[in-house]
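Novice: Mind folding the following:
(one chain, ligands or ions: 1)
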Amino acid sequence: MVPERSTGEDLDAADCVEPIYVDATYGRGGHARALLKRLPAAARLIAIDRDVAAVAAGQDHAEEDSRLTICHGRFSQLDPVLDDLGIAHVTGVMMDLGVSSPQLDAAERGFSFRGDGPLDMRMDQTQGETAAQWLNTAAEDRIVHVLKTLGEERYARRIARAIKAARPLTSTLELAEIVSRAQPRRPQRSKQGRTKHAATRAFQAVRMHVNDELGELECALQTLFDRLRPGGRLAIITFHSLEDRTVKLSFRRLASGTPLPRRLPVRESERQQPGKVIGRPIRASAAEVAGNPRARSATLRVLERLA
Ligand SMILES: C[S@@+](CC[C@H](N)C(=O)[O-])C[C@H]1O[C@@H](n2cnc3c(N)ncnc32)[C@H](O)[C@@H]1O
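Specialist: Okay, the predicted model is just below:
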């Protein structure tokens, strides 16, 4: 998934401005390492993650490479992080949304129905309500709403009723079993025709709710755009149709700026376009999906700041 070359790099070279990039979702640093390989010695990469385990991995990485600074926090709170580091504008920002493979694979984090673990699902385990706390106290209608909107779950009402009847829930396998039993025994298929575990949609919905993933994204987009230098780029990989829609619509809005009054004369300076959407959305190739099946639902979109 490689977007066309950024003019940000050209500008940095031309103006001798120190290139500063942000990785807003460090994870285990796969993207950070790939980016650092291409950056000059004078560049900086500011990485952030809300997961303490990701930050610990980033601290080891920062000891190997002094260009990297890793911070614990949410990307919606990037402003104070950059202010504390004395950084006003950056050359580029990348975001790779959703849950990381280490989070999914560690049963004790509670993200997966493939192994038993506590029903936690918080990306940041230092704060907030766990999935169990939310499911054990939320009103049935609220659970229905979350399952429908974030999971597109057809059997939301039945599942919510079953959850309510089984309270208190404590473990991931318990939730998976309740969700599966509340649905007709037909194999579920994804849009690509693959069989899906009956609890996939419900787990995704609960995880996105517990971590307020859409709220975080909506809050962050304007700030991230405002922090770009002219020519700087914001590249976002989404895995969920609602996230992708949010990014697509926000990119359009950020690119076109404040809407002008209809049928009124405007000065040329008022017609300025603050950003430009770069190319078409990029999806993982068949070869990439073969090597990394979790990339199958990924979409990369890129926005450039013009002025
Ligand atoms: C898909 S993984 C990123 C993987 C990473 N690109 C790599 O190469 O290893 C998403 C990461 O973003 C983090 N994350 C999700 N939402 C976040 C938020 N609002 N603020 C900061 N980090 C977040 C998660 O904790 C997770 O580690």
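
Novice: Below-threshold pLDDT in the protein: ranges please.
Specialist: Residues of the chain that meet the criterion pLDDT under 70 lie in 1-16, 186-194.

Novice: Spell out which parts of it neighbour the ligand.
Specialist: Proximity of the chain to the ligand, by C-beta under 6 Å from any ligand atom, involves residues 25, 27-31, 48-51, 54, 74-75, 96, 98, 100, 123, 216. Every C-beta, even on glycine, is put in place using the N, C-alpha and C of the backbone.

Novice: Mark which of those residues are part of helices, please.
Specialist: Secondary structure from DSSP state H places G30, H31, A54, E216 of those in helices.

Novice: check contacts around the last one.
Specialist: Right, the one you point to is E216. R74, F75, S76 (C-beta atoms under 8 Å, 6 or more residues apart in numbering).

Novice: okay, now the nearest residue to the second one once chain neighbours are set aside: neighbour count?
Specialist: Looking back up the chat, that one is F75. Once flanking residues are discounted, F75 sits nearest to A24: 3.9 Å by C-beta to C-beta, 6 or more residues apart in numbering. Number of residues near A24 (other C-beta atoms under 10 Å) recorded here: 24.

Novice: again with L85
Specialist: Burial measure for L85: 12 neighbouring residues, criterion other C-beta under 10 Å.

Novice: now do S180
Specialist: By other C-beta under 10 Å, 17 other residues sit near S180.

Novice: The closest residue to it other than its chain neighbours: which element?
Specialist: For S180, ignoring the flanking residues on the chain, the nearest one in space by C-beta to C-beta, 6+ apart is A198 at 4.2 Å. For A198, there is no host helix or strand (DSSP states H and E).

Novice: and what of M94?
Specialist: M94 belongs to strand 90-96 when assigned by DSSP H and E.

Novice: Would you mark the buried spots in the helix or strand just after that strand?
Specialist: Proceeding N to C from strand 90-96, the next assigned helix or strand is helix 101-105, under DSSP H and E. Residues of helix 101-105 classed as buried: Q103, L104 (neighbour count, 16 or more other C-beta atoms under 10 Å).

Novice: Show me how far helix 101-105 is from its chain's centre.
Specialist: In terms of C-alpha atoms, centre = their mean, to the nearest Å, the gap separating the centre of helix 101-105 from the centre of its chain is 15 Å.

Novice: Show me what that helix is packed against.
Specialist: Using 3 or more C-beta pairs under 8 Å, 6 or more residues apart in numbering; DSSP states H and E, the elements in contact with helix 101-105 are helix 52-64.

Novice: Output the helix it packs on in PDB, but only the C-alpha positions, please.
Specialist: Provided in PDB are the C-alpha atoms of helix 52-64 (Å, rounded to 0.1, in the frame of the first residue of the first chain):
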ATOM      1  CA  VAL A  52       1.100   0.600  27.600                       C
ATOM      2  CA  ALA A  53       2.600  -2.600  26.000                       C
ATOM      3  CA  ALA A  54       3.000  -0.800  22.700                       C
ATOM      4  CA  VAL A  55       4.700   2.100  24.400                       C
ATOM      5  CA  ALA A  56       7.100  -0.300  26.200                       C
ATOM      6  CA  ALA A  57       8.000  -1.800  22.800                       C
ATOM      7  CA  GLY A  58       8.500   1.700  21.400                       C
ATOM      8  CA  GLN A  59      10.800   2.700  24.300                       C
ATOM      9  CA  ASP A  60      13.100  -0.200  23.400                       C
ATOM     10  CA  HIS A  61      13.000   0.900  19.700                       C
ATOM     11  CA  ALA A  62      13.800   4.500  20.700                       C
ATOM     12  CA  GLU A  63      16.900   3.300  22.500                       C
ATOM     13  CA  GLU A  64      18.100   1.900  19.200                       C
END
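
Novice: contacts for the helix or strand just after that helix?
Specialist: Downstream of helix 52-64, the first helix or strand assigned by DSSP H and E is strand 68-72. Strand 68-72 has contacts (C-beta under 8 Å, 6+ apart) with 26, 32, 36, 44-50, 52, 55, 58-59, 61-62, 81, 85.

Novice: What strands line up against strand 68-72, and which way round?
Specialist: Sheet pairing of strand 68-72 (DSSP bridges) gives strand 44-49 (parallel).

Novice: Show residues contacting the partner strand.
Specialist: 18-27, 29, 32, 35-36, 39, 55, 58, 67-75, 78, 81-82, 85, 87, 90.

Novice: Using CSV, write out every CA atom in that strand.
Specialist: Output of strand 44-49 as CSV, limited to C-alpha atoms (Å, rounded to 0.1, in the frame of the first residue of the first chain):
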residue,chain,number,x,y,z
ARG,A,44,12.3,12.9,13.8
LEU,A,45,9.4,10.5,14.3
ILE,A,46,7.0,11.2,17.1
ALA,A,47,5.0,8.0,17.9
ILE,A,48,2.0,7.7,20.1
ASP,A,49,-0.1,4.7,21.3
